[in-house]
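J.: Sequence and predicted structure are below.
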Amino acid sequence: MGRYNPTMYKILFLAAAVAAAPAADQAPSQYGQPQNKPYNPVIYNEKEEILPPRPFEYKYGVSDEYSQNNFDKVETQDDQGRVTGSYKVNLPDGRVQIVNYVSDENGYRADVTYEGKPVYPPEPEGGYGPYQGPGAYPGPKPGGYNRR
């Protein structure tokens, strides 16, 4: 078993080469005109089924005191396809945005209202001013760009 037999490797290599060679009907065609094959596309003709509206109602909401997240949504649809709903979101400025909407054959209509007054953080000492940190653009050199 420990003997080296080069004939066995030659036969194994020849068998692998013959197995990898394409068959006569799979051989690449020579250059020239491509064979004309008839074009027969399959046409799928599915009729769209129009289903009547299905009434539904759903509600969800979140009220988390720790993160101060508080939002909810309510939506209903009647058997005529008219959708009505509303949602409420806490905005970053402290206000609450309330959207009441209707979607029917006349389109989508929304009524947006706000509760509360916006609260902004105090302005820093010296105002906001331009950014002075790393990578800030220093501005043009004295005299401008078109100096000759």
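T.: On my side now, so go ahead.
J.: Which pLDDT does the model give Asp79?
T.: Here the pLDDT value assigned to Asp79 is 92.
J.: May I ask which helix or strand encompasses it?
T.: Per DSSP states H and E: Asp79 is located in neither a helix nor a strand.
J.: Val74: how many residues sit nearby?
T.: 15 (other Cβ atoms under 10 Å). For every residue, glycine as well, the C-beta is placed using N, CA and C.
J.: same deal with Ala19?
T.: For Ala19, the neighbour count with other Cβ under 10 Å is 7.
J.: ditto for Gly32
T.: Neighbour count of Gly32, defined by other Cβ under 10 Å: 6.
J.: how far does stretch 93-105 sit from the chain's center?
T.: Chain-centre distance of stretch 93-105: 24 Å, with Cα atoms, centre = their mean, to the nearest Å.
J.: Quick check: the gap between Arg109 and Asp78.
T.: Arg109 sits 16 Å away from Asp78, going by Cβ to Cβ, to the nearest Å.
J.: Check Gln97 too.
T.: For Gln97, the distance to Asp78 (Cβ to Cβ) stands at 26 Å.
J.: For the protein, which residues score under the pLDDT cut-off?
T.: 1-4, 22-30, 144-148 (pLDDT under 70).
J.: Quick one: the helices in it, in order.
T.: Counting by DSSP state H, the chain has helices at residues 6-20.
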